[in-house]
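Asks: Quick one, fold the following:
(chains A and B)
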There are 2 protein chains.
Amino acid sequence: MHIIDIIEKKKNGFALSKDEIEYFIKGIVTEDEEKKIPEYQTSALLMAIYFQSMTSEETAYLTNAMVQSGERVDLSEIEGIKVDKHSTGGVADTTTLILAPLVAACGAPVSKMSGRGLGHTGGTLDKLESIEGFNVIQTIDNFKKIVNKTKISVIGQSGNLAPADKKLYSLRDVTGTVNSIPLIASSIMSKKIAAGCDALVLDVKTGNGSFLGEISEAERLAHAMVNLGKAAGIETRAIISDMNQPLGKAIGNALEVKEAIDVLNGSKDSERLKAVALELGSLMLKLAKIADEKTAKAMLQKAIDDGSGIAKLKEMVIAQGGNPDVIDNPSLLPTAKNIIELKSDKSGYINSMDTKSLGRAAALLGAGREELTDIIDHAVGYVMECELGEHINAGDTLCAIHYNDNRNLEDAMSLIKNSIHIEKSKNKKSKKLIYKII
Amino acid sequence: MHIIDIIEKKKNGFALSKDEIEYFIKGIVTEDEEKKIPEYQTSALLMAIYFQSMTSEETAYLTNAMVQSGERVDLSEIEGIKVDKHSTGGVADTTTLILAPLVAACGAPVSKMSGRGLGHTGGTLDKLESIEGFNVIQTIDNFKKIVNKTKISVIGQSGNLAPADKKLYSLRDVTGTVNSIPLIASSIMSKKIAAGCDALVLDVKTGNGSFLGEISEAERLAHAMVNLGKAAGIETRAIISDMNQPLGKAIGNALEVKEAIDVLNGSKDSERLKAVALELGSLMLKLAKIADEKTAKAMLQKAIDDGSGIAKLKEMVIAQGGNPDVIDNPSLLPTAKNIIELKSDKSGYINSMDTKSLGRAAALLGAGREELTDIIDHAVGYVMECELGEHINAGDTLCAIHYNDNRNLEDAMSLIKNSIHIEKSKNKKSKKLIYKII
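Replies: Prediction:
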């Protein structure tokens, strides 16, 4: 078998065989110099896959080969049906911090491995690290113990899971081959399958703040992932949710933790964020066989009302070494030295937002990173005070910016202003939040 | 400017600007580690170009940037209009060895830089090196002196011509991005423009022994190259000729030199080879303003009939250090130890040949190379004794194989046999030799 023949085959639009895909993935991770596939051939194949796509069989072979390229976590010691959740990434998407404690409070074990923020998107690990002492690095043994005891733990991806995906992803990132449905689907699902969950709920984002703009593409991605999950024996559901504006109000790590605490305490200020969290949470409860969907939503709301959700978050913080006082008193979270309100120059309707740029503006303030090695400032970010469809007057506050140094402040402010499009007449675009449940 | 943005732009089907293409080419050849574009990004861009192609403007920018990446030979010291000739590569394509002496004998200076064989195709330099002592490596100064004195010299590409093309080509070869019209056109034309000719005749091959199978593709390539030549101030003509069977009878270096000598001596055995050589030669004489096309063909025939062509070949051999006796007595060429006749198993019509495999069979015998560093055996190869459309009986000779060791003999024999398709009824496919003159 030769990689050049595999590239030509895909380039010419043919489906690759299981053997060919396994040969490719083994060639990526091998240490044997003779068998190693050079990056220039890998990237050529990735670009050919971008153009010619992959059948569902090929995508399943690819996913499986990536799972096989590393370890697979065994979570069988955790009692109950372990349901994981994954979002394809967006701005102000703090659903995990809300739904994980609620689902756990309702009795389903939540053993979640999360990621870090990159580019315009945030990451749950960074948010949790805003809590003084909170340790996202745990051994798998400890992780299992915590979940068995408290029903909840959120940690960083541990061990050598799907190393082929890691190599492929870092190459895709610099070769323009990120937005390919089979490549995204296999990347996400290989990590989730290797992480050892029993069931999985996916939040596939659509809109200008997501990696896939079109709803039709998001739908194809969702179906691809649901099929991959099922093929691996993992019951998988997906929702397609809107990312044409930040989901929550807060963008920035500590600010988002505070918003999550507020929602768990019953705040009604973050309607959209809460709605998506409850939708995903109820699917999780359903897959965990705790309740049917309707009962599930009521159960989750009850966990807010009776305080069991926020208590569960506190339990997790304690179990992972964090300062539990932060949960009772969010003002103990890191705070920025300065707050400035950004005012609107114009009057009119907010007809659209460039959501990706809104995410980048937070990164400019120091809340996010361009490279995985960048250091972030947990305190900074901003809190939106407007949303799509709203009428606004010149002089009204668009958002409150929390910043520590003003190096990029002006750039961030003008980026935010330019990303919120205010027009005289209101457009009639639908403002749907959840497009589909799959 | 970032290469990732250039990749995305091409991937999404947009035309690249002159600046972007120059940035890319400079990034390929630079020694500056910070500005160097890694091969994995280059190959991703090449694959994107394969799928999205390039406009004629982009192709011209690319060609020009590759010319600028290295030296440009100045041949102005050679008197007269210097016409070069290039073939896109085929099997048993010995036209250069026939037309170069004939054109020179008719008074046009022939200053030709040639290449080596690779894969299933042969190369003029390898053929010339079958002649004892013949030196294809000459300084540019010597090259000019030889052409001014004898009107003819054929040497290897000298100096640092289009180094960007060299890098791109070696990457295309291993990443499945060879058969892209803008990439082929710019690769050929950048080298030809840098080599300093005044006018150029191209032989674009079509059929199963060529790099581009379809006539329509060959035509697009021919037009692309003619336009690039004109844009660079080089009058350029092209023919599209058939490569659905070997052009000459001999496949293998010394065997092809002998066939060329035979044609120059008036042999009528190699009709197709001679016809293509005279067609190309007459275009060269026309571009050199020696004659119009009709007169040109008669002049070339006269140079065969009066022996001035073969005398010119001898002059070149002497000027480049070769043994001139070889021209009078081709049995002085290297000969293989053994000759075996390959017989047909079947009776019927030769309806098609797999020409690429026929070229590979010669390489298997040692006449060609897989890698540019492979050492070849000038003596070996085979001489076809049949052609397309012919009726043949079981037991008739298909070809005479000249070989030195029998390591790959059986493989080569069965490859040749399987590549000559004999069927009961004669097919009516046209057996055109020259499809078009552009």
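
Asks: Might you report the residue contacts of the closest residue to residue A:55 other than its chain neighbours?
Replies: Spatial nearest neighbour of residue A:55, chain neighbours left out: residue A:15 (5.0 Å); criterion: Cβ to Cβ, 6 or more residues apart in numbering or on different chains. C-beta here means a position set from N, CA and C on the backbone, and glycine is covered the same way. Taking Cβ atoms under 8 Å, 6 or more residues apart in numbering or on different chains, we find residue A:15 in contact with A:54, A:55, A:57, A:58.

Asks: shouldn't the first one be in contact with residue A:62?
Replies: Yes - contact between residue A:54 and residue A:62 holds when scored by Cβ atoms under 8 Å: they sit 6.8 Å apart.

Asks: one step back: nearest to chain B, of the contacts of residue A:15?
Replies: residue A:54 (15.4 Å; Cβ to the nearest Cβ).

Asks: how about that closest one, what does it touch?
Replies: Contact analysis of residue A:54 by Cβ under 8 Å, 6+ apart lists A:15, A:16, A:62, A:182.

Asks: go with 10 Å
Replies: Residue A:54 sits next to A:10, A:15-16, A:21, A:60-62, A:180-183, A:185-186, A:224 when contact means Cβ atoms under 10 Å, 6 or more residues apart in numbering or on different chains.

Asks: State the distance from it to residue A:175.
Replies: Using Cβ to Cβ, to the nearest Å, we find residue A:54 at a distance of 17 Å from residue A:175.

Asks: Quick one: neighbours of the residue of the stretch 201-350 of chain A found nearest chain B, just the number.
Replies: Using Cβ to the nearest Cβ, the closest approach of the stretch 201-350 of chain A to chain B is made by residue A:213 at 12.2 Å. Residue A:213 has 16 neighbours, counted by other Cβ atoms under 10 Å in any protein chain shown.

Asks: Hmm, residue A:206 and it touching each other?
Replies: Yes - counting by Cβ atoms under 10 Å, residue A:206 is a contact partner of residue A:213 at 7.2 Å.

Asks: any low-confidence regions in the stretch 151-300 of chain A?
Replies: A:158-159 (pLDDT under 70).

Asks: re earlier: mark which of the contacts of residue A:54 are buried, thanks.
Replies: Neighbour-count burial (16 or more other Cβ atoms under 10 Å in any protein chain shown) is assigned, among those, to A:10, A:16, A:21, A:60-62, A:180-183, A:185-186, A:224.

Asks: Can I get the residues you listed in JSON lines including secondary structure?
Replies: Output for the buried ones among the contacts of residue A:54, formatted as JSON lines (DSSP: H, G, I helix; E, B strand; the rest coil):
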{"residue": "A:10", "secondary structure": "helix"}
{"residue": "A:16", "secondary structure": "coil"}
{"residue": "A:21", "secondary structure": "helix"}
{"residue": "A:60", "secondary structure": "helix"}
{"residue": "A:61", "secondary structure": "helix"}
{"residue": "A:62", "secondary structure": "helix"}
{"residue": "A:180", "secondary structure": "coil"}
{"residue": "A:181", "secondary structure": "helix"}
{"residue": "A:182", "secondary structure": "helix"}
{"residue": "A:183", "secondary structure": "helix"}
{"residue": "A:185", "secondary structure": "helix"}
{"residue": "A:186", "secondary structure": "helix"}
{"residue": "A:224", "secondary structure": "helix"}
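
Asks: Just put the residues you listed in a markdown table and tack on distance to residue B:338.
Replies: Formatted as a markdown table, the buried ones among the contacts of residue A:54 follow (distance: Cβ to Cβ, whole Å):
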| residue | distance to residue B:338 |
| --- | --- |
| A:10 | 43 |
| A:16 | 43 |
| A:21 | 45 |
| A:60 | 54 |
| A:61 | 48 |
| A:62 | 50 |
| A:180 | 54 |
| A:181 | 58 |
| A:182 | 53 |
| A:183 | 54 |
| A:185 | 58 |
| A:186 | 54 |
| A:224 | 59 |
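
Asks: out of the residues you listed, which touch chain B?
Replies: residue A:10 (Cβ under 10 Å from any Cβ of the partner chain).

Asks: if I pick the nearest residue to residue A:413 once chain neighbours are set aside, what's in contact with it?
Replies: Distances taken as Cβ to Cβ, 6+ apart place residue A:342 nearest to residue A:413, at 5.6 Å, with adjacent residues excluded. Residues in contact with residue A:342 (Cβ under 10 Å, 6+ apart) are A:361, A:382, A:384-385, A:397-401, A:412-414, A:416-417, A:420.

Asks: what's the closest of the residues you listed to chain B?
Replies: Looking across these and measuring by Cβ to the nearest Cβ, the closest to chain B is residue A:361, at 20.1 Å.

Asks: Can you give me the pLDDT of the closest one?
Replies: On pLDDT, residue A:361 comes in at 92.

Asks: Next up, the contacts around it.
Replies: Per Cβ under 10 Å, 6+ apart, neighbours of residue A:361: A:91, A:120, A:251, A:342, A:354, A:367-368, A:381-382, A:399, A:401, A:408, A:411-419.

Asks: can you tell me which of those residues are in strands?
Replies: Of the contacts of residue A:361, the ones assigned to strands by DSSP state E are A:251, A:342, A:381, A:382, A:399, A:401.

Asks: got a winner among those residues for most neighbours?
Replies: residue A:251 leads the ones in strands among the contacts of residue A:361 on contacts (other Cβ under 10 Å) with 33 neighbours.
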